[in-house]
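1. no sequence on this one, just coordinates:
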């Protein structure tokens, strides 16, 4: 696998639920690859948020969705900080500047919320490919 | 030139230069013909419109003397008839009933010069010739088709092409028009590649005097004979030109066209500012529009700030790029990659548990009790044994009840006794 393909392959493993492969690929990323990977994650997160909440009643739909995710299991309730999760989604929607969020909070929340969004949208392999292509276009500008 | 008409006004040295004796005109080289032709035929007849205002222009057009052809100095002119030379090089074309213009064809740059007033008068008296584009077919054009067109426009051809086709049809309605104009006649000259010049009286007819018959409306036999002696390669071009003149106007008839032109002269507005109604919807330096009515390409300033560029408009429409940059905040930290490696595995484990709770693995199962007790199946309908047993129990109950009642009655009798 080429070096420049690893970020995208890592993201694909994350979105398809292949967490073992995801861990392996994630460890192989260097700083540049990690930034490329996080750029893809941010772009895919933005696209997914637009699809999920583009025509929804905001911000009520965001609050409702985060509450639903947290109510599914105890692990989810502990993993997802409702305030941070809602603010990160609102930043992606352009409704919040996210000035009170740290870079780490932004990164971690996106890495947690993005697989949940993709799973909620029930994207198949083709849908994930389409999402990755759109994220790649946005990340490369 | 008519003798009773005032002298031609020469408004430019170039036109004065054209006023030369006929002999000098004949001796002019043939290369000068095109320039003269352009001037004579009014290649740019609207030049006064750019310098005169409307009133002067219209006055010039209506008050000008009849058509005169200057520069023909000692050229002879006759009133009624034109002479056509045997060699076909010199002919006289009838313009009006009282005026004739002698055109010498030996000199291609001959002085067929009209001054401005004359040209305007000519335009006013006779509409411009509308040339049918189909006439470009030239020699290939079907004569029957042309005749049919003429009949459609209400004009019957008076004579048809003869000989090599260089002579052309003279129409009866042209004569009528000429007589009606009666001195207010327009002449259009067409120079031909061989240096000959043909004048057309009216918009479609070309009139050539016939010395034999004496009728100006007939095709000149002498011309036909002269044309037949010309080189063959000159015939198509000449024929094409004649064809163009010969084509009737499409759409409006001549009378309608004249009425339309006289009823409403053209309005010249090169310097007239447009009204506000005309400027509506168009950007102007001092005309501002509401911002809501503006288009992307409208450069009209709104008065507040600068207009956004195309990229800014696209950015403001979606804001995708700015939102993306906000989400990428913190990627330039030094320990970013180490933090990503550390938290990445933790989050992967967390997500595994979350998805495990969200989508349990395996198939749906039904729990099986561990006890060996098997409850009897409940029968919904009574069997025969149930009925017999119920009857037996009921009989025992009735027997016992009867025995007790009998015993109580017997005990009561004994007390009475």
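-> Looks like it came in fine. Predicted model, so just to flag it, every value in this text is computed and none were measured.
2. please make it C-alpha for all contacts and neighbour counts, starting now.
-> Fine.
3. in chain A, what residue comes closest to chain B?
-> Across chain A, no residue is closer to chain B than residue A:103, which sits at 4.1 Å (C-alpha to the nearest C-alpha).
4. chain neighbours aside, what residue packs nearest to that residue?
-> Among residues not flanking residue A:103 along the chain, residue B:330 sits closest, at 4.1 Å (C-alpha to C-alpha, 6 or more residues apart in numbering or on different chains).
5. so the one you found: helix, strand or coil?
-> In three-state terms, and counting by DSSP: H, G, I helix; E, B strand; the rest coil, residue B:330 is coil.
6. mind listing what's buried along stretch A:117-137?
-> Residues of stretch A:117-137 classed as buried by neighbour count (16 or more other C-alpha atoms under 10 Å in any protein chain shown): A:117, A:118, A:123, A:128, A:131, A:132, A:135, A:136.
7. okay if I get the residues you listed as JSON lines plus pLDDT?
-> Shown next, in JSON lines, are the buried residues of stretch A:117-137 (pLDDT from 0 to 100):
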{"residue": "A:117", "pLDDT": "94"}
{"residue": "A:118", "pLDDT": "94"}
{"residue": "A:123", "pLDDT": "90"}
{"residue": "A:128", "pLDDT": "93"}
{"residue": "A:131", "pLDDT": "94"}
{"residue": "A:132", "pLDDT": "94"}
{"residue": "A:135", "pLDDT": "93"}
{"residue": "A:136", "pLDDT": "92"}
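8. so which of those residues are in helices?
-> Under the assignment DSSP state H, the buried residues of stretch A:117-137 contribute A:117, A:118, A:128, A:131, A:132, A:135, A:136 to helices.
9. would you list the buried residues of stretch A:117-137 in JSON lines and tack on distance to chain B?
-> Compiled in JSON lines, the buried residues of stretch A:117-137 are given as follows (distance: C-alpha to the nearest C-alpha, whole Å):
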{"residue": "A:117", "distance to chain B": "12"}
{"residue": "A:118", "distance to chain B": "12"}
{"residue": "A:123", "distance to chain B": "15"}
{"residue": "A:128", "distance to chain B": "18"}
{"residue": "A:131", "distance to chain B": "15"}
{"residue": "A:132", "distance to chain B": "15"}
{"residue": "A:135", "distance to chain B": "10"}
{"residue": "A:136", "distance to chain B": "12"}
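10. interface residues of chain A facing chain B?
-> Proximity of chain A to chain B (C-alpha under 8 Å from any C-alpha of the partner chain) is limited to residues A:17, A:19, A:22-23, A:26-27, A:30-31, A:34-35, A:38-39, A:42-43, A:46, A:72-73, A:75-76, A:79, A:88, A:91-94, A:97-98, A:102-104, A:106-108, A:111-112, A:138.
11. buried subset of those as a PyMOL selection?
-> Here is the PyMOL command that selects the buried residues among the residues of chain A next to chain B (16+ other C-alpha under 10 Å):
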select buried, chain A and resi 17+19+22+23+26+27+30+31+34+35+38+39+42+43+46+73+75+76+79+88+91+92+93+94+97+98+103+104+106+107+108+111+112+138
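12. what's the one helix or strand residue B:398 maps to packed up against?
-> Using DSSP states H and E, residue B:398 falls within helix B:384-416. The contact analysis (3 or more C-alpha pairs under 8 Å, 6 or more residues apart in numbering or on different chains; DSSP states H and E) places helix B:384-416 against no helix or strand.
13. quick check: mean pLDDT across that helix?
-> For helix B:384-416, mean pLDDT is 92.
14. so which bits of that helix are buried?
-> In terms of neighbour count (16+ other C-alpha under 10 Å), helix B:384-416 has no buried residues at all.
15. for the nearest residue to residue B:329 once chain neighbours are set aside, which residues are in contact?
-> Spatially, and ignoring its direct neighbours in sequence, residue B:329 is nearest to residue A:103 (5.6 Å; C-alpha to C-alpha, 6+ apart). With contact set as C-alpha atoms under 8 Å, 6 or more residues apart in numbering or on different chains, residue A:103 has these partners: B:328, B:329, B:330, B:331.
16. distance check, residue B:116 against residue B:61.
-> 9 Å (C-alpha to C-alpha, to the nearest Å).
17. quick check: phi and psi at whichever residue of chain B sits closest to chain A.
-> In chain B, no residue comes nearer to chain A than residue B:330, which is 4.1 Å away by C-alpha to the nearest C-alpha. The phi/psi pair for residue B:330 (degrees, to the nearest 10) reads phi 100, psi 0.
18. so what's the residue count around residue A:41?
-> 29 (other C-alpha atoms under 10 Å in any protein chain shown).
19. SS state for it?
-> The three-state label for residue A:41, taken from three-state DSSP, comes out as helix.
20. now for the residue positioned nearest the centre of chain A: which residues touch it?
-> Closest to where the C-alpha atoms of chain A average out (C-alpha atoms, centre = their mean) is residue A:114, at 2.5 Å. The contact partners of residue A:114, taken as C-alpha under 8 Å, 6+ apart, are A:15, A:41, A:44, A:45, A:48.
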